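> Using only what follows, build the 3D model:
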Amino acid sequence: MKIVLLDVDTVTNGDVSLAPIERLGEVVGYPLLPPEKVAAAIGDADAVVCNKTELSAEVIAACENLKFIGVFATGYNNIDLAAAKARGITVCNVPGYSTDAVAQHVFAMVLSLAGSLAAYDRSVHAGDWVREKRFTYFPYPLHELAGKTLGIFGCGAIGKKVAAIGRAFGMDILVSTRTPAHCPGETCCTPDELFAAADVLTFHCPLTPETRGIINRRTLSLMKPTALLINTARGGIMDEVAVADALHAGVIAGAGIDVQVKEPMAADNPLLTAPHCILTPHIAWAPFETRVRLIDRVAENLSAFQNGNPINTVI
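Presented below is the predicted three-dimensional model:
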């Protein structure tokens with residue numbers, strides 16, 4: 001079986017081995033390719049695995065031998081599922097591989113913002129502590145998480161993990177979800193109620209017509225001026241200009257943003273100059289251990305397909 005791996009450089013810098021996949025056939029790997037070169041790269045492949053590369057109906061139609069499409073991800077909106085289904089191509093994703101990693105990243109951002117860690121680090125490195133007469137100084141805000149309300153938009157695996165960690169800090173949990181029955185024991189509310197009540201508001205939802213732009217000027221205006229906003233979900237759920245303006249105006253106290261509408265980030269993105277805003281380059285999912293797990297599960301998906309018992313099928 002000829003297996004073509006696309007955008008390999010989005011899952012490994014050479015630190016994570018592709019051997020689990022390489023054992024399954026003749027493997028050819030490519031870094032991120034321009035869209036016009038994708039069809040030629042996979043034209044004779046029996047199996048293709050990609051991360052964010054778009055596999056359109058036209059690209060799929062050009063691949064006569066293609067029988068399997070895997071994604072190095074949970075999301076698969078870059079695959080034309082209708083075209084794959086029409087061809088009888090099996091499509092598999094990798095659910096749940098990054099749950100712990102994303103929840104960890106959420107609290108890395110929350111703790112940094114709640115403790116003004118970036119500001120204190122810059123201050124100490126600038127010599128402020130050396131010049132200080134007291135043993136300590138605290139010009140920047142410092143807040144405990146205990147007793148604060150953690151608002152979680154979306155209550156899938158990641159949302160549930162975030163809730164568990166929040167409880168360990170003594171936080172009160174409030175959830176907004178389309179499926180309250182899947183979150184037994186949680187206090188659920190409407191999205192507007194969540195924006196208004198949360199001291200920390202974090203999003204764990206897919207990008208859908210309903211969630212697109214849900215973080216906007218109106219919903220931000222509902223938030224407490226002391227509240228923190230965390231987005232590790234999808235860039236498209238927020239209006240970046242509205243978030244930046246809210247930070248400049250003190251409508252909210254801080255934000256931690258791991259995803260953008262346009263990725264890589266645009267040079268004129270207003271969040272780059274917004275105060276009290278931690279920005280990371282879509283890495284919440286990407287710890288070493290998580291990427292090892294991802295490669296292993298992609299290999300498991302492909303091996304199961306080869307054995308006639310496909311798993312984690314989207315179609």
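
> contacts and neighbour counts: CA atoms only from here.
OK.

> how many other residues sit next to residue 136?
When neighbours are defined as other C-alpha atoms under 10 Å, residue 136 has 7 of them.

> Who are the contact partners of it?
Residue 136 makes contacts with residue 129, as judged by C-alpha atoms under 8 Å, 6 or more residues apart in numbering.

> Run a quick check on residue 250 versus residue 225, I expect a contact.
Yes. Using C-alpha atoms under 8 Å, residue 250 makes contact with residue 225 at a distance of 6.2 Å.

> can you pull out the strands in the chain?
Taking DSSP state E as the test, the strands found in the chain are 2-5, 26-29, 47-50, 68-71, 90-92, 149-153, 172-176, 200-203, 228-231, 254-257, 277-279.

> how about the first one: buried residues?
Looking back up the chat, that one is strand 2-5. Going by neighbour count (16 or more other C-alpha atoms under 10 Å), the buried part of strand 2-5 is 2, 3, 4, 5.

> closest to residue 65 among the residues you listed?
Using C-alpha to C-alpha, residue 2 is the member of the buried residues of strand 2-5 that sits closest to residue 65, with 9.4 Å.

> So residue 278 sits against residue 247, correct?
No. Between residue 278 and residue 247 there is no contact under C-alpha under 8 Å: 11.5 Å.

> Pick out whichever of the two has more residues nearby.
Using other C-alpha under 10 Å as the criterion, residue 278 and residue 247 rank with residue 247 on top: 22 against 19.

> picking up where we left off before, nearest to residue 106 among the buried residues of strand 2-5?
The closest of the buried residues of strand 2-5 to residue 106 turns out to be residue 5 (C-alpha to C-alpha; 29.8 Å).

> now do the same end-to-end measure for stretch 36-48.
Its first and final residues considered, stretch 36-48 spans 16 Å by C-alpha to C-alpha, to the nearest Å.

> Any figure for the gap between the closest residue to residue 2 other than its chain neighbours and residue 5?
Nearest residue to residue 2, sequence neighbours excluded (C-alpha to C-alpha, 6 or more residues apart in numbering): residue 26, at 4.8 Å. Going from residue 26 to residue 5 by C-alpha to C-alpha gives 11 Å.

> Can you list the low-confidence ranges for this protein?
By pLDDT under 70, the chain has no low-scoring segment.

> can you give me the helices in it?
Under the criterion DSSP state H, helices of the chain are mapped to 19-22, 35-42, 57-61, 81-87, 99-114, 117-125, 128-131, 157-168, 191-197, 217-221, 240-249, 288-306.

> Please report phi then psi for the residue of the chain most remote from its centre.
Distance from the C-alpha centroid of the chain, by C-alpha atoms, centre = their mean, peaks at residue 133 (43.6 Å). When read as degrees, to the nearest 10, the backbone of residue 133 gives phi -80, psi -30.

> Let me have the helices of the chain in TSV, extended by distance to residue 209.
Output for the helices of the chain, formatted as TSV (distance: least, C-alpha to C-alpha, whole Å):
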stretch	distance to residue 209
helix 19-22	35
helix 35-42	26
helix 57-61	22
helix 81-87	18
helix 99-114	23
helix 117-125	35
helix 128-131	49
helix 157-168	20
helix 191-197	15
helix 217-221	16
helix 240-249	17
helix 288-306	28
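
> nearest to residue 315, of these?
Checked against C-alpha to C-alpha, the stretch from those lying closest is helix 81-87, at 6.6 Å.

> Verify the stated contact: residue 276 with residue 253.
Yes. Counting by C-alpha under 8 Å, residue 276 does reach residue 253; the two are 7.0 Å apart.

> any shared contact partners between the two?
residue 247.

> need the contact list for residue 170.
Residue 170 touches 145, 146, 147, 148, counting by C-alpha under 8 Å, 6+ apart.
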